[in-house]
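[1] sharing a model that was predicted from the sequence below.
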Amino acid sequence: MNTEAKIEGAPLIRPSTTDHPLYDSVVDACRTVFDPEIPVNIYDLGLVYTIEITAENAVDITMTLTAPGCPVAGEMPGWVADAVEPLAGVKQVEVHMTFDPPWGMDMMSDEARLELGFM
């Protein structure tokens, strides 16, 4: 999922490094992390905004939460890093939290909407 919100032509969410060989594995690892309040993984919920992977295989993930007051706000980045770090080839992982743009239900994948009964 490549979510790009735009204001005056500039993307609010940086594009992911989808052409990197590790990209699909990083996405799969993100799909193992679940929001404890919603029975859907964080990737399909649309909480992962950007996955950037350098030529040296350093992974930088920008993500959000369904709400700024989420009780796991302090823990979720660590869960994501713990899921991605063991992947073969990954040199390091940094996870950054943002609330700009704020998450919205329109960021969910069709699979997440179906699972939650919105389709």
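    Now that the structure is in, tell me what you want to look at.

[2] residue 38 against residue 116, yeah?
    Yes: with contact defined as CB atoms under 8 Å, residue 38 reaches residue 116; the gap is 7.1 Å. (Glycine included, C-beta is placed from N, CA and C.)

[3] tell me where this protein has helices.
    23-30, 42-45, 76-84, 110-115 (DSSP state H).

[4] spit out the contact partners of residue 118.
    Each residue near residue 118 by CB atoms under 8 Å, 6 or more residues apart in numbering is listed here: 105, 108.

[5] and it, how far from residue 52?
    29 Å (CB to CB, to the nearest Å).

[6] ok, which stretches of the chain are strands?
    Using DSSP state E, the strands found in the chain span residues 6-7, 10-11, 48-53, 58-63, 92-97.

[7] residues in contact with the last one?
    Yep, that's strand 92-97 we're talking about. 58-65, 73, 76-78, 80-81, 84-85.

[8] at 10 Å what do you get?
    Residues outside strand 92-97 that contact it (CB atoms under 10 Å, 6 or more residues apart in numbering): 26, 29-30, 47-50, 52-54, 56-65, 68, 70, 73-74, 76-87.

[9] pull out the buried members of these.
    Burial by neighbour count, 16 or more other CB atoms under 10 Å: within the contacts of strand 92-97 this picks out 26, 29-30, 47-50, 52-53, 57, 59-65, 70, 76-77, 79-81, 83-84.
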